[in-house]
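Trainee: Sequence first, then the predicted structure, then my questions.
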Amino acid sequence: MRVLHVITGLATGGAEQQLRLLLPRLPAECEVVTLTNPGAVAEGLAADGVEVRHLGMGGNRDVSALPRLTRLIRQGRYDLVHTHLYRACLYGRAAARLAGVRVVVATEHSLGAATIEGRPLGAGVRALYLASERLGTSTVAVSATIARRLREWGVPARRIHVVPNGIDADRFRFDALVRSRARALLGLPQDAYVIGGVGRLVAGKRFDVLLRALPHLPNAHLLLVGGGEQEPVLRALAARLNVSDRVCFAGECAYESPGGGLDLPALLAAMDLLASPSADEAFGLAVVEALAAGLPVVYATCPAVDDLPPGQAPGAQRTDAPSFVQTLRTACATPPGRRLPVPPAVTHYSLTTAAARLTAVYEAALHGTPPVLGTPSPSPVTQGASAR
């Protein structure tokens, strides 16, 4: 099976990292084309031996990209085209059809209640999405919450399949030596209580909530992992609040870092708690990764946890933004370095399970039959056999 993955960009981000993690686990010959921004994840894919092409798209309205993408797909003789993220879904579905590929799968990674990929949802955005969706075969939702939103938009339920994001839990297993080294490199005191935030530094993530809480948490430090347009704003806010000396901006971070640098598991090891104040998440991958690292979590919204039966993530506490200060104050009263048992929610979101379910979607789309996804198994070993 030859599969072309079309994605809007390949800078460090949840959808981009998820693509890289899944490709080696799919029983297909996969290639990738990025419409824009072939960043760190593109380099990682190339290092994995995956062919990555850059389409050089100039912007959302660069319609000249459509014939270029159509030509690329036609020349590749792909059995299936899989699109990721809004712009790639619009152009990729159309190009696949024009190129004669009749099996087109799209993954919806970032559909929030009021935003898509951080941008406000308007009537035009929704109309374009629905028009392009009709050109596809199946739409994958990374959470039951996104599947419900798609149905509410008018996407037929028979075309929607839930394939949750997956993680390699073993990569996040806590190591005290890694924690000590990461803190030393970041300039964080070894005995401080460190609150962490992971994600793009954009307004929708509401990391300002954590900065505003810091003056009320005199013994705590804040470690922000990610890059984005809000970084100068957040730095200025930290200065106004006189907490700059207790805030560490770690920048963008890969799932794994070559050359012994600080990767995401190491940065999570440096934390004592993960805080996710975003009010509009489509999945909440950082929360699951933090749970895999044994961290307690405080969050405002996280479908990855909220879509599960009660008791699957006992270390995760949901709270609203006004209550963050009191919740964090209570958490900071515990000694730093505490780790919790890895909860069942982490096993539920294994990469092998995600790959097995996506493979079932591919096979069903190719053969015109409904996919048999079943219930995600709590045993990644069992699922791993069917994923390869």
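Mentor: Thanks, I have it.
Trainee: mind checking the longest helix of this protein?
Mentor: helix 351-367 (DSSP state H).
Trainee: Domain-wise, how is this structure divided?
Mentor: 2-166+350-387, 169-346 (automatic domain parsing).
Trainee: Could you give the average pLDDT over the first one?
Mentor: Mean per-residue pLDDT for domain 2-166+350-387: 89.
Trainee: For Asp170, grab the count of nearby residues.
Mentor: Counted with other Cβ atoms under 10 Å, the neighbours of Asp170 add up to 9. Every residue, glycine included, has its C-beta placed from N, CA and C.
Trainee: ok, now how distant is it from Thr347?
Mentor: Distance of Asp170 to Thr347, computed by Cβ to Cβ, to the nearest Å: 11 Å.
Trainee: Same question for Arg183.
Mentor: 29 Å.
Trainee: Need the residues that contact stretch 154-161.
Mentor: For stretch 154-161, the external contacting residues (Cβ atoms under 8 Å, 6 or more residues apart in numbering) are 130, 133, 136-141, 147, 150-151, 357, 361, 370-371, 373.
Trainee: out of these, which are inside strands?
Mentor: Those of the contacts of stretch 154-161 mapping onto strands are 138-141, per DSSP state E.
Trainee: just the buried members of those?
Mentor: Applying a neighbour-count criterion of 16 or more other Cβ atoms under 10 Å, the buried members of the ones in strands among the contacts of stretch 154-161 are 138-141.
Trainee: any chance of those residues in a markdown table, with distance to Arg20 too?
Mentor: Formatted as a markdown table, those follow (distance: Cβ to Cβ, whole Å):
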| residue | distance to Arg20 |
| --- | --- |
| Ser138 | 22 |
| Thr139 | 21 |
| Val140 | 17 |
| Ala141 | 20 |
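Trainee: Let me see the ranges of the helices in the stretch 151-300 of the chain.
Mentor: With DSSP state H, counting those that start in this stretch as the criterion, the stretch 151-300 of the chain has helices at 176-186, 208-213, 231-240, 264-269, 285-292.
Trainee: The first one packs against which elements?
Mentor: Right, helix 176-186. With contacts taken as 3 or more Cβ pairs under 8 Å, 6 or more residues apart in numbering; DSSP states H and E, helix 176-186 sits against helix 264-269.
Trainee: Any chance of the backbone angles for Thr115?
Mentor: Torsion angles at Thr115 (phi, psi; degrees, to the nearest 10) stand at phi -140, psi 160.
Trainee: Equivalent analysis for Ala331, please.
Mentor: phi -60, psi -40.
Trainee: confidence score at the nearest residue to it once chain neighbours are set aside?
Mentor: Computed as Cβ to Cβ, 6 or more residues apart in numbering, the closest residue to Ala331 that is not its neighbour in sequence is Leu273, at 5.3 Å. For Leu273, the model assigns a pLDDT of 98.
Trainee: So what's the residue count around Ile7?
Mentor: The burial count for Ile7: 28, using other Cβ under 10 Å.
Trainee: Sort out which one of the contacts of stretch 154-161 lies nearest Val52 for me.
Mentor: Val140 (21.1 Å; Cβ to Cβ).
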